[in-house]
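K.L.:
structure for this input, please:
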Amino acid sequence: MKQNRLGKTDLMVSELCLGTMTFGTQTSEADAHHQMETALDGGINVLDAAEMYPVNPISKETMGRTEEILGNWFAKTGRRNDWIVATKHSGAGMKHARDGAPISSDTIPSAVEGSLKRLKTDHIDLYQLHWPNRGSYMFRQNWTFDPSSQDRAATLQNMADVLGALGREIEKGRIRHIGLSNESAWGTTMWLRVAEAMAGPRMESIQNEYSLMCRMADTDLAEMMVNEQVSLLPFSPLATGFLTGKYRDGAIPEGSRMAINTDLGGRKTDRAFDAVEAYASVAKEAGLDLPLMALAWSARRPFVASSIFGATTTEQLRYLLKAADVALNDDVISALDETHKQHPMPF
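P.N.:
Numbers count the residues shown, from 1 in each chain. Below you'll find the predicted structure:
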């Protein structure tokens, strides 16, 4: 499987990343461990977790369970170093972690310690901030996003304090590199500027939603990432299952995400179903499978290091691994761009 450099680091990550947010709810521990082995056999070397996982649903009782499942596999197999491990620090509004406290220099040491204990490891390769304290336009909040009440000075001071705390964790060897999630072009640029001013650690990656059906990263964020060498780690490259085609013709498979979260976090719209049909037509015309085409497209974008996808079952994982061998020619790329023009931001 093709590998890409993560930001300016020495880490080379596979173009596909194993997402683990269902480990502990929809995916049992036994199948999660089987998925980890299958992914490694398929050439994947990076997995993504978070202290708040699993989801579907998120609950206080299950928070941290995903990291525990990963840690149990590391302890059982002794193969921790076969993986580049990424996880996330929950932030403002994520009520099950520290009662929704914002990310600060005070929260970082204990959050890192908790993840290390659950993961049964002595270091985290990529430690990400799950959500900006000031808020985000991700998860359909772009329709009403209003930054006019933000306090610039307070934001920059918090960035400096947080980078100081992260730098101390790096010095201790408990984390290797740092990244962001659900961030904007301005926010990422400020993180980089503050890091440079204080000679602190730099943010190497951004984990934002990105797919054929959600291309907000294609303009300002893309320009920043390319010029500053910050890598995108797209989540939901299959648009929460829409681009697998499993919800076509009104189908809602038992155990699927739509069966659990009926509106898919606001993504379930008539326009979304129309867009799926249009992308399915492109795939059919090119002789490609829709989900493999969508996943390959996400993974090959010039600013992407590794595209994060999840699979409820090992069988689904084996199928999606085939995306690594899918080639998209110029005609297909042009057809996908034209379809995007006809169906922009369908949710």
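K.L.:
list the buried residues of the longest helix belonging to the chain.
P.N.:
Across the chain, the longest stretch assigned as helix under DSSP state H is helix 152-172. Within helix 152-172, the residues that count as buried by 16 or more other Cβ atoms under 10 Å are 155, 158-163, 165-170. Just so you know, the C-beta spots here come from the backbone N, C-alpha and C atoms, and that holds for glycine as well.
K.L.:
I'd like those residues as a markdown table, with distance to Arg215 and pLDDT appended.
P.N.:
Converted to a markdown table, the buried residues of helix 152-172 look like this (distance: Cβ to Cβ, whole Å; pLDDT from 0 to 100):
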| residue | distance to Arg215 | pLDDT |
| --- | --- | --- |
| Thr155 | 26 | 98 |
| Asn158 | 30 | 98 |
| Met159 | 27 | 98 |
| Ala160 | 32 | 98 |
| Asp161 | 34 | 98 |
| Val162 | 29 | 98 |
| Leu163 | 30 | 98 |
| Ala165 | 34 | 98 |
| Leu166 | 30 | 98 |
| Gly167 | 34 | 98 |
| Arg168 | 37 | 98 |
| Glu169 | 34 | 98 |
| Ile170 | 33 | 98 |
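K.L.:
Throw those into TSV and include distance to Ala323, thanks.
P.N.:
Output for those, formatted as TSV (distance: Cβ to Cβ, whole Å):
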residue	distance to Ala323
Thr155	38
Asn158	38
Met159	36
Ala160	40
Asp161	40
Val162	35
Leu163	35
Ala165	37
Leu166	33
Gly167	37
Arg168	39
Glu169	34
Ile170	33
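K.L.:
so Arg176 makes contact with Asp122?
P.N.:
No - if you go by Cβ atoms under 8 Å, Arg176 and Asp122 don't touch, sitting 11.1 Å apart.
K.L.:
if we can go back for a sec, can you pick out the most distant pair from the buried residues of helix 152-172?
P.N.:
Checking those against each other with Cβ to Cβ, the farthest-apart pair comes out as Thr155 and Ile170, at 22.1 Å.
K.L.:
just to revisit the earlier point, which elements pack onto the longest helix of the chain?
P.N.:
helix 107-119, strand 124-129, strand 175-181, helix 185-198 (3 or more Cβ pairs under 8 Å, 6 or more residues apart in numbering; DSSP states H and E).
K.L.:
now do the last one, average pLDDT.
P.N.:
The one in question is helix 185-198. Averaged over helix 185-198, pLDDT sits at 98.
K.L.:
tell me the contacts of Arg140?
P.N.:
By Cβ atoms under 8 Å, 6 or more residues apart in numbering, Arg140 lies in contact with Gly265, Gly266, Arg267, Phe347.
K.L.:
okay, these in a markdown table with secondary structure and distance to Gln207 next?
P.N.:
Output for the contacts of Arg140, formatted as a markdown table (DSSP: H, G, I helix; E, B strand; the rest coil; distance: Cβ to Cβ, whole Å):
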| residue | secondary structure | distance to Gln207 |
| --- | --- | --- |
| Gly265 | coil | 16 |
| Gly266 | coil | 19 |
| Arg267 | coil | 18 |
| Phe347 | coil | 19 |
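K.L.:
so which of the residues you listed wins on neighbours?
P.N.:
Highest neighbour count within the contacts of Arg140, by other Cβ atoms under 10 Å: Arg267, with 22 neighbours.
K.L.:
just name the shakiest helix or strand of the protein by mean pLDDT.
P.N.:
None of the helices or strands of the chain scores lower by mean pLDDT, DSSP states H and E than helix 257-260, at a mean of 86.
K.L.:
and the next helix or strand past that one?
P.N.:
Next helix or strand after helix 257-260 toward the C-terminus (DSSP states H and E): helix 270-286.
K.L.:
tilt between the helix or strand following that next one and helix 270-286?
P.N.:
Scanning forward in sequence from helix 270-286 by DSSP H and E, the next helix or strand is helix 290-299. With axes from the mean of the first three to the mean of the last three Cα atoms, to 10 degrees applied, the angle from helix 290-299 to helix 270-286 works out at 100 degrees.
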